[in-house]
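1. build me a model:
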Amino acid sequence: MVRDYRRTPYEHEGSIQAGIRSALCLAGERWPVADDEARGLLAAAFKKTGVKRPGWWEGQAEYTAPREVCHWCFIELPEDLRRSGKRSAYCSMECVNRAIAKRVEGPKGQGDPVYKACHAAISRLRAKPRDCEHCKKPFRSDRSYQRLCSKACRDAARTTVEERCCEHCSTVFRPHVSKKSEDAGAGKFCSSACRWAYERKNPPTYECACVLCSTPFTGERKNAIYCSNRCLQMFTRMRQGEWPKRMNTPLFDYYFITLAKRQEPTPLTTEIFDSWFQDAA
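-> Residues are numbered from 1 along each chain as shown. The predicted model follows:
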């Protein structure tokens with residue numbers, strides 16, 4: 001019976017509920033119990049058929065009003081109010097005040113969509129017209145930081161990265177990176193597989209400085225800190241407390257040049273310093 005309707009699924013709701021309630025009352029049920037049972041059966045039927053009951057706002061005339069007209073007097077809105085990026089509901093302060101006086105008084109308050117639309121329209125009507133940065137047409141908005149008049153202008157004004165050829169397979173593609181990432185060197189390859197294959201074939205090099213002797217060298221990693229295996233072994237022993245018995249060039253550079261440039265305290269003690277010169281003597 002719920003599925004047999006012409007205009008709306010709820011057109012027979014009252015008669016069906018009354019019929020079920022009457023049948024239950026004739027069967028000996030009390031009226032409140034019969035009414036609750038009839039409501040429950042109808043709710044289950046609507047849920048099974050997938051019918052969604054419209055809300056209060058969906059039943060108002062403003063819900064179906066076109067975007068280009070005022071929701072009170074239904075005359076065409078000025079162009080600068082239609083291009084505000086949102087749904088401008090009213091054309092003037094007079095229409096806003098009338099809508100607030102008639103529709104918003106009572107228990108609804110600030111949660112009512114009409115109330116929100118009225119106050120948004122007040123902000124737009126008080127705002128000064130400004131030019132869209134993309135289409136150069138005037139618009140008014142309730143947001144002082146808005147620079148574009150609509151979603152279409154926002155999408156058109158976005159910076160797009162031009163198509164290019166992959167540096168590994170020469171496939172034409174459009175990188176999905178921002179302008180900032182593109183300037184930093186991203187977007188050169190069409191896929192991660194191409195990037196890894198290119199880096200294996202042409203490993204990148206980085207200019208580094210040895211942490212021990214400060215000698216500049218070219219490394220295959222950004223965080224390379226030793227210029228040779230000799231500096232690596234020497235620095236590892238020093239960190240473990242094993243000091244070299246003789247002075248050498250990398251050790252001299254570390255204590256008297258590298259640490260001085262970094263302005264770090266030196267772990268060199270008087271005993272270690274004297275032992276070097278005694279051995280040399």
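2. ok, for Met93, nearest residue in space, not its chain neighbours?
-> Nearest residue to Met93 in three dimensions, chain neighbours excluded: Leu125, at 5.9 Å (Cβ to Cβ, 6 or more residues apart in numbering). Heads up, the C-betas are built off the backbone N, CA and C, glycines and all.
3. so how many other residues sit close to the one you found?
-> Leu125 is flanked by 17 other residues according to other Cβ atoms under 10 Å.
4. that one touches Arg140, doesn't it?
-> Yes. In this structure Leu125 lies within contact range of Arg140 using Cβ atoms under 8 Å: 7.5 Å.
5. can you list residues touching both of these two?
-> Common contacts of Leu125 and Arg140 (Cβ atoms under 8 Å, 6 or more residues apart in numbering): Leu81.
6. ok, Asp142 to Pro66 distance?
-> 21 Å (Cβ to Cβ, to the nearest Å).
7. sorry, that was for Ala186
-> From Ala186 over to Pro66 the distance is 45 Å, taken as Cβ to Cβ.
8. which one's more surrounded, the two?
-> The neighbour count for Ala186 versus Pro66, taken as other Cβ under 10 Å, is higher for Ala186 (15 against 9).
9. can I assume that one is in contact with Arg164?
-> No. Counting by Cβ under 8 Å, Ala186 sits too far from Arg164 to count as a contact (11.9 Å).
10. give me the common contacts of the two.
-> Pro175.
11. helices or strands next to the longest helix along the chain in the packing?
-> For the chain, the helix with the greatest residue count under DSSP state H is helix 31-49. Judged by 3 or more Cβ pairs under 8 Å, 6 or more residues apart in numbering; DSSP states H and E, helix 31-49 is in contact with helix 13-26.
12. and the helix it packs on, C-alpha only, in CSV?
-> This file holds the C-alpha atoms of helix 13-26, laid out as CSV (Å, rounded to 0.1, in the frame of the first residue of the first chain):
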residue,chain,number,x,y,z
GLU,A,13,0.1,7.8,5.4
GLY,A,14,-2.9,9.2,7.4
SER,A,15,-5.5,6.7,6.1
ILE,A,16,-3.2,3.7,6.5
GLN,A,17,-2.3,4.7,10.1
ALA,A,18,-5.9,5.2,11.0
GLY,A,19,-6.9,1.9,9.4
ILE,A,20,-4.3,-0.1,11.4
ARG,A,21,-5.1,1.7,14.6
SER,A,22,-8.9,1.0,14.2
ALA,A,23,-8.2,-2.7,13.5
LEU,A,24,-6.1,-3.0,16.6
CYS,A,25,-8.7,-1.1,18.8
LEU,A,26,-11.5,-3.4,17.5
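13. show me what counts as buried in that helix.
-> For helix 13-26, a neighbour-count test (16 or more other Cβ atoms under 10 Å) marks 13, 16, 20-21, 24 as buried.
14. now stretch 32-40
-> Of the residues in stretch 32-40, 34-35, 38 count as buried by neighbour count, 16+ other Cβ under 10 Å.
15. touching, Phe217 and Val211? I think so.
-> No. Using Cβ under 8 Å, Phe217 is not in contact with Val211, being 11.1 Å away.
16. tell me the contacts of the closest residue to Ser191 other than its chain neighbours?
-> Closest residue to Ser191 apart from its sequence neighbours, by Cβ to Cβ, 6+ apart: Cys166 at 7.9 Å. Residues counted as contacts of Cys166 (Cβ under 8 Å, 6+ apart) are 172-173, 188-191, 194.
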